[in-house]
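**Q** Here is my input; please provide its structure:
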Amino acid sequence: MIIQLKENISAQAEQGIVKVLETKKYKPMKVTTQDGAYIIAVGKTEIDIRKIGGLVGVDDIHRVSDAYKLVSKKWKINNTKIDLGDGVTIGAGEFGIMAGPCSIESEAQIESSIKHLVENGIKIMRGGVYKPRSSPYSFRGLGIDGLKIWYKLAKENGIKIITEVMMAEQIEEMLPYVDIFQVGARNSQNFNLLDALGKVDKPVMIKRGISGTMDELLQSAEYVFSNGNERILLCERGIRSYENAYRNTFDINAIAMLKEKTHLPVIADPSHGIGVRQFVEPVALAATMAGADGVIVEVHSIPEKAFSDGQQTLDYQQASSLFDKLSKTRELVRML
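**A** Numbers count the residues shown, from 1 in each chain. Model prediction:
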């Protein structure tokens, strides 16, 4: 169960709640986040939650049977909205578009990408400065120096940054220059990294593992939430299957089902989801119709010359067309 504590609860009242739970053979764990304080109580015996709800210091109480509790929709009916500041929000009816190159390559490339995004009214730029690559000989990013250049140019143009963090040791150095930390598919069950991201006050987007289930994705989000960070987004980016006609199998079912299971915003990544440039647009539109709260797409001025993932990257003309169609699709979704 989840017990929401009152804002000014005394230490004595809190200890009283814990004592009652322990006498009922429940294991209590306190979680304090940006938005509130909770006690997560896990046990197998039957308990009348009304008696717990009547204790001094209890604001509300919810019975949640899911293994993932804090990210479950069973206790938080209103969907979570991620506020990035400056009027940029995602979730709870606010659709977010994140676009940019797979890899940050140079200052000139950053300037070109930002110009394209500003012209299209896109407020969030994606890009990698630390790149997890299958081959150790592939381009692996410009690192923190590239991030600092990117941040300066983005800030000047009112653009927010989402970029991947690969190790817990990178968080402190990256923190001043990032608006959303991205956890890539390969790190979706790097629990040390997830624990560490739970201790920062910056939004975190977790991508579904290459062969991960929805429950595993939700459990990964639970790691972040239970360590104190409520500002989480989930990302469906396709899973590995036996099909070899495209890069991954984009799970459109997951978009609709995650919206039913969790209050967190759900983002679609059609670029990785199919891995073939000409099909990124229809997959993005389908995900939007399925209920996604946003999309993240790879865009480059000349995809054929991109340092990584050029085969799934849109050029500026294709991206502008997609942005326009996403806007129209969102209007259609609102009418349904």
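**Q** Give me the pLDDT value at residue 105.
**A** Per-residue pLDDT puts residue 105 at 95.
**Q** How about the backbone phi and psi for it?
**A** With angles defined as degrees, to the nearest 10, residue 105 sits at phi -110, psi -40.
**Q** again with residue 266
**A** Note on residue 266: its backbone torsions stand at phi -120, psi 120 [degrees, to the nearest 10].
**Q** Is the nearest residue to residue 49 once chain neighbours are set aside in a helix, a strand, or coil?
**A** Counting by C-beta to C-beta, 6 or more residues apart in numbering, residue 61 is the residue found nearest to residue 49 once chain neighbours are left out, at 5.2 Å. (Each C-beta comes from the backbone N, C-alpha and C, glycine too.) When classified by DSSP: H, G, I helix; E, B strand; the rest coil, residue 61 comes out as strand.
**Q** list the contacts for residue 61?
**A** Applying C-beta atoms under 8 Å, 6 or more residues apart in numbering to residue 61 gives the contacts 1-4, 49, 52-53.
**Q** buried sites along the top helix by length along the chain?
**A** Criterion DSSP state H: the longest helix present in the chain is helix 316-335. Using 16 or more other C-beta atoms under 10 Å as the test for burial, helix 316-335 gives 316, 318-320, 322-323, 326, 329-330.
**Q** Residue 180 contacts residue 197, correct?
**A** No - counting by C-beta atoms under 8 Å, residue 197 is not a contact partner of residue 180; they are 10.8 Å apart.
**Q** list the residues that contact both of the two?
**A** Jointly contacting residue 180 and residue 197 under the rule C-beta under 8 Å, 6+ apart are residue 204.
**Q** Strands - which of the contacts of residue 61 land there?
**A** 2-4 (DSSP state E).
**Q** Low-confidence ranges, this protein, go.
**A** Judged by pLDDT under 70, the chain has its weakly predicted residues at 133-134, 137-139.
**Q** what helix or strand is residue 206 on?
**A** Here residue 206 sits within strand 204-207, counting by DSSP states H and E.
**Q** which residue ranges form the strands in the stretch 151-300 of the chain?
**A** Taking DSSP state E, counting those that start in this stretch as the criterion, the stretch 151-300 of the chain carries its strands at 160-164, 180-183, 204-207, 232-236, 266-268, 294-298.
**Q** Using JSON lines, lay out those strands together with distance to residue 275 and mean neighbour count.
**A** Converted to JSON lines, the strands of the stretch 151-300 of the chain look like this (distance: least, C-beta to C-beta, whole Å; neighbours: other C-beta atoms under 10 Å):
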{"stretch": "strand 160-164", "distance to residue 275": "17", "mean neighbour count": "23"}
{"stretch": "strand 180-183", "distance to residue 275": "18", "mean neighbour count": "25"}
{"stretch": "strand 204-207", "distance to residue 275": "14", "mean neighbour count": "27"}
{"stretch": "strand 232-236", "distance to residue 275": "14", "mean neighbour count": "27"}
{"stretch": "strand 266-268", "distance to residue 275": "14", "mean neighbour count": "27"}
{"stretch": "strand 294-298", "distance to residue 275": "10", "mean neighbour count": "26"}
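**Q** Alright, I will stop here.
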